[in-house]
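Asks: Show me the folded form of this:
(chains A, B, C and D)
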There are 4 protein chains.
Amino acid sequence: MSKTLDLPAPPLQVSHWFNTPGPLSLEALRGRVVALHAFQMLCPGCVAHGLPQATRMHEAFPPDQLAVIGLHSVFEHHEVMQPTAALQAFIHEYRLAFPIGIDQPDPQGGAVPLTMRTLGLRGTPSLVLLDKQGRIRLHHFGRADDLRVGALIGQLIAEPGEDESVHCDDDGCRLPELRHA
Amino acid sequence: MSKTLDLPAPPLQVSHWFNTPGPLSLEALRGRVVALHAFQMLCPGCVAHGLPQATRMHEAFPPDQLAVIGLHSVFEHHEVMQPTAALQAFIHEYRLAFPIGIDQPDPQGGAVPLTMRTLGLRGTPSLVLLDKQGRIRLHHFGRADDLRVGALIGQLIAEPGEDESVHCDDDGCRLPELRHA
Amino acid sequence: MSKTLDLPAPPLQVSHWFNTPGPLSLEALRGRVVALHAFQMLCPGCVAHGLPQATRMHEAFPPDQLAVIGLHSVFEHHEVMQPTAALQAFIHEYRLAFPIGIDQPDPQGGAVPLTMRTLGLRGTPSLVLLDKQGRIRLHHFGRADDLRVGALIGQLIAEPGEDESVHCDDDGCRLPELRHA
Amino acid sequence: MSKTLDLPAPPLQVSHWFNTPGPLSLEALRGRVVALHAFQMLCPGCVAHGLPQATRMHEAFPPDQLAVIGLHSVFEHHEVMQPTAALQAFIHEYRLAFPIGIDQPDPQGGAVPLTMRTLGLRGTPSLVLLDKQGRIRLHHFGRADDLRVGALIGQLIAEPGEDESVHCDDDGCRLPELRHA
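Replies: Below you'll find the model as predicted:
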């Protein structure tokens, strides 16, 4: 799998949300592990592998441990996939039950939507895993292996969150990590 | 699998063709076995099973023995799936190489398109096999087994076509079968 | 798939039969299409592909149209796979329901059993299809595609058997084909 | 998946080892997570699911983090599966690369071998996961989901081992945990 980055994830830029009572923000999800699945509804690999894996994740882990979020990051066939009604029908037919956001189209008219660009995604499907402190720990393009992804999620869930983190050790005591550093 | 009907298939009513230089007609295909795959681009069973089987058929049999035809029979989410550009993007992304027609929408505004209605299809995916004389020999809704479908195709290919059919036997000699009976 | 041979199949040489009240002979099966599946119980490709396909064939076609026969053709690890009890346990655990014969070991001590040698099989799994007249129409080593194999079976089932074959045509009348030619 | 037990695992009782220069003991593996895969060579679920999962585990995790061990726990068809040569041929044909032990047959002549009995396994395939301190953390019969199993392995790898464990906290300082308690 792709290397981890350990950088803080940039905020989601989403124009419309499905399957959630209100907009989601990565900041509000601090303390939970987050799995971001970037997809396009007309991407065969997303339909065959990425989205079924997202559904398996959503069913395998309690929501207070792992937040699964779909991100519809359209970078081709915009006229067909961009309309909200198209994604709505797709979500309905494929019975996707986790929150899904439409990645904000580029206001300058570029093909790549904003979250996809700031996350540096190479295409769809992409899987990005964030730890409890919002740092990118996996940044993977293409099909991802369940066993390896599961192991990383298990490790991230086992890590202490911000509040529980030990600030003092043999070296001394540090300031709490700054969220927006 | 579903029972065969042995009825002559009604003509295709198609508003737009892809992957073919001109419109196809069942009449012009007499003498070849025909596999009609009715699908919708947002139908999960079509994407997972029906269309891959159509592609396997298209690759396994020479075109002068079996004509594989896709039929986009939209009966739900019309606003999303009906536009020609949507199907065009879908065909491109899924690399479908056989001829595909858009089933003619009902001019009265009904949900079910015209060919789907006259063929009496129950939903998508549906597979209809026609023999060399244009008669319906399989009328199947849902997932179809490769081994059984293959056997029927092999049998239909082995049957004599119209021109080769014996018109005389112990009972006497008959007029050639009327095409439009 | 492999080319067809059109040669008459040599007789089966079997030391022990399972799942059948008495020994089978290809001669007694004339008039039916025959599928011979050569396998070894410790051959991964046989367990993963060949034997499941044999089971699907056995379930998809009526026994008076297609006779499915397994042939345990051991050419390696003889001390482990040759004992009758080993194959019996294997057949029981994998719930194989079609007739299976143990290919007769070479009395000269050669590694390759007799039927495998006379059939010229290249290894396991192998699939050999015989037409109603006992001629080899498919001789295939390795994984075989359900759709193509199904088509050939359908074609062979559709062919006239010996008794029904037309002996007179525009060219004249021929002697019935000799069985042991 | 099955509930965890948190009990210390009983020692392995093995009559013969494959794929390892010397006998393995759970005690010597302390500090590493251990995956025990109990199987029988004639068990279809083991061949189709259990052993491929064991191989995936063996390939996905470094050996100093996860030790994958196969356990041939024969409780039926003993005369066929018990001989060492039979398992050796099986391991060779299926290219199993991780250490595999033959579960010690019951000297009293009982059907169930000794490790299987002391571990309380319900059948094959069974997966038992031990943490770094040798405690049973998963005890699962049948097919196990890669994503969930992966998450547990990731969590167990992330846990501190014996040596790193903190012995002092706000409640005071404890004696190191007794290994044979």
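Asks: who touches A:A151 in this structure?
Replies: Neighbouring residues of A:A151 by Cβ atoms under 8 Å, 6 or more residues apart in numbering or on different chains: D:A60, D:F61, D:G150, D:A151, D:I153, D:G154, D:I157. For the C-beta atoms, the positions are set from N, CA and C on the backbone; glycine is no exception.
Asks: and of those residues, the nearest to chain C?
Replies: D:A60 (20.7 Å; Cβ to the nearest Cβ).
Asks: what's the pLDDT at A:S2?
Replies: Looking at A:S2, its pLDDT is 56.
Asks: whoops, A:S73 was the one
Replies: Per-residue confidence at A:S73 stands at 97 (pLDDT).
Asks: Pretty sure it sits against A:H37.
Replies: No. A:S73 is beyond contact range of A:H37, at 9.8 Å (criterion: Cβ atoms under 8 Å).
Asks: what touches both of these two?
Replies: A:S126.
Asks: Name the residue in those two with the higher neighbour count.
Replies: Under the criterion of other Cβ atoms under 10 Å in any protein chain shown, the comparison of A:S73 against A:H37 puts A:S73 first, with 30 against 27.
Asks: OK, contacts around that one?
Replies: With Cβ under 8 Å, 6+ apart, A:S73 has these contacts: A:A38, A:F39, A:Q40, A:D103, A:V112, A:P113, A:T115, A:M116, A:L121, A:T124, A:S126.
Asks: Also A:F39?
Replies: Neighbouring residues of A:F39 by Cβ under 8 Å, 6+ apart: A:C46, A:G50, A:L51, A:G70, A:L71, A:H72, A:S73, A:T124, A:P125.
Asks: please redo it, this time with the cut-off set to 10 Å
Replies: A:F39 is in contact with A:45-47, A:50-51, A:54, A:70-74, A:90, A:96, A:100, A:103, A:124-127, counting by Cβ atoms under 10 Å, 6 or more residues apart in numbering or on different chains.
Asks: sorry, back to before: return the closest of the contacts of A:A151 with respect to A:F18.
Replies: D:A151 (26.2 Å; Cβ to Cβ).
Asks: Secondary structure of the closest one: a helix, I assume?
Replies: Yes. According to DSSP: H, G, I helix; E, B strand; the rest coil, D:A151 belongs to a helix.
Asks: Kindly report the residues of chain A close to chain D.
Replies: Residues of chain A lying close to chain D (Cβ under 10 Å from any Cβ of the partner chain) are A:1, A:53, A:56-57, A:59-61, A:65-66, A:145-159, A:166.
Asks: Scan the contacts of A:A151 and report the most crowded one.
Replies: Highest neighbour count within those, by other Cβ under 10 Å: D:A151, with 28 neighbours.
Asks: nearest spatial neighbour of the spatially most central residue of chain A, skipping sequence neighbours?
Replies: Centroid check for chain A by Cα atoms, centre = their mean gives A:L36 as the closest residue, at 1.3 Å. In this structure, A:L36 finds its nearest non-sequential neighbour in A:V128, 4.2 Å apart by Cβ to Cβ, 6 or more residues apart in numbering or on different chains.
Asks: where do the strands sit along chain A?
Replies: Along chain A, counting by DSSP state E, strands occupy A:14-18, A:33-39, A:66-72, A:100-103, A:126-130, A:136-141, A:168-169, A:172-173.
Asks: A:F18 contacts A:G101, correct?
Replies: Yes. In this structure, A:F18 is within contact of A:G101 by Cβ atoms under 10 Å, at 7.6 Å.
Asks: Just the endpoints, please. Distance across stretch A:95-115?
Replies: Length of stretch A:95-115, first residue to last, Cα to Cα, to the nearest Å: 24 Å.
Asks: and that stretch with chain B, contact?
Replies: Yes. Using Cβ under 10 Å from any Cβ, stretch A:95-115 reaches chain B at A:R95.
Asks: From A:L66, how far off is whichever residue of chain A sits closest to chain D?
Replies: Residue of chain A nearest chain D, by Cβ to the nearest Cβ: A:G150 (2.3 Å). The spacing between A:G150 and A:L66, counted by Cβ to Cβ, to the nearest Å, is 11 Å.
Asks: For those two, list the residues in contact with both.
Replies: Common neighbours of A:G150 and A:L66 (Cβ under 10 Å, 6+ apart) are A:M57, A:A60, D:A151.
Asks: now the residues you listed as CSV including pLDDT?
Replies: Putting the shared contacts of A:G150 and A:L66 into CSV (pLDDT from 0 to 100) gives the following:
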residue, pLDDT
A:M57, 98
A:A60, 97
D:A151, 98
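Asks: wait, what's in contact with A:P105?
Replies: A:Q13, A:S15, A:S73, A:V74, A:F75, A:H78, A:Q82, A:A111, A:V112, A:P113, A:L114.
Asks: Surely the first one is in contact with A:D103?
Replies: Looking back up the chat, that one is A:Q13. Yes. A:Q13 is within contact range of A:D103, at 7.0 Å (criterion: Cβ under 10 Å).
Asks: Can you pull the residues that touch both of these two?
Replies: In contact with both A:Q13 and A:D103: A:L71, A:P113, A:L114, A:T115, A:M116, A:R117, A:L119, using Cβ under 10 Å, 6+ apart.
Asks: What number of neighbouring residues does the fifth one come out with?
Replies: The burial metric for A:M116, expressed as a neighbour count using other Cβ under 10 Å, is 24.
Asks: Once you drop chain neighbours, what's closest to it?
Replies: The nearest residue in space to A:M116 (Cβ to Cβ, 6+ apart) is A:S73, at 4.1 Å.
Asks: Please report how far the one you found lies from A:C46.
Replies: Using Cβ to Cβ, A:S73 is found at 10 Å from A:C46.
Asks: One more: A:L127?
Replies: Distance of A:L127 to A:C46, given as Cβ to Cβ: 11 Å.
Asks: Give the intersection of the neighbour lists for the two.
Replies: Taking Cβ under 10 Å, 6+ apart as the criterion, A:L127 and A:C46 both touch A:H37, A:A38, A:F39, A:Q53, A:A54.
Asks: List, one by one, the residues from chain A near chain B.
Replies: By the rule Cβ under 10 Å from any Cβ, the part of chain A lying against chain B is A:40-45, A:47-48, A:52, A:76-81, A:83-95.
Asks: per-residue confidence at A:H49?
Replies: pLDDT at A:H49 comes out at 97.
Asks: So what's the residue count around it?
Replies: With other Cβ under 10 Å as criterion, A:H49 counts 15.
Asks: residues contacting the closest residue to it other than its chain neighbours?
Replies: Distance criterion Cβ to Cβ, 6+ apart; nearest residue to A:H49, sequence neighbours excluded, is A:R143 at 4.8 Å. Going by Cβ under 10 Å, 6+ apart, A:R143 touches A:G45, A:A48, A:H49, A:G50, A:Q53, A:P125, A:L127.
Asks: quick check, nearest of the residues you listed to chain C?
Replies: The nearest one, if we look at the contacts of A:R143 relative to chain C and count by Cβ to the nearest Cβ, is A:A48, at 20.0 Å.
Asks: Could you report the separation of the closest residue to the closest one other than its chain neighbours from B:V68?
Replies: Distances taken as Cβ to Cβ, 6+ apart place B:A48 nearest to A:A48, at 7.8 Å, with adjacent residues excluded. Using Cβ to Cβ, B:A48 is found at 18 Å from B:V68.
Asks: Between those two, tell me which one has more neighbours.
Replies: Set B:A48 next to B:V68 and count neighbours by other Cβ under 10 Å: B:V68 wins out with 24 against 14.
Asks: you'd agree that one is up against B:P62?
Replies: No. Using Cβ under 10 Å, B:V68 is not in contact with B:P62, being 11.3 Å away.
Asks: Distance check, the residue nearest to A:M116 against chain B.
Replies: Per Cβ to the nearest Cβ, to the nearest Å, A:S73 is found 15 Å from chain B.
Asks: Next up, phi/psi of that residue, please.
Replies: Dihedral pair for A:S73: phi -100, psi 90, per degrees, to the nearest 10.
Asks: Spatially nearest residue to A:C46 (excluding sequence neighbours)?
Replies: A:F39 (3.8 Å).
Asks: Give me the below-cutoff pLDDT ranges for chain A.
Replies: A:1-5, A:162-181 (pLDDT under 70).
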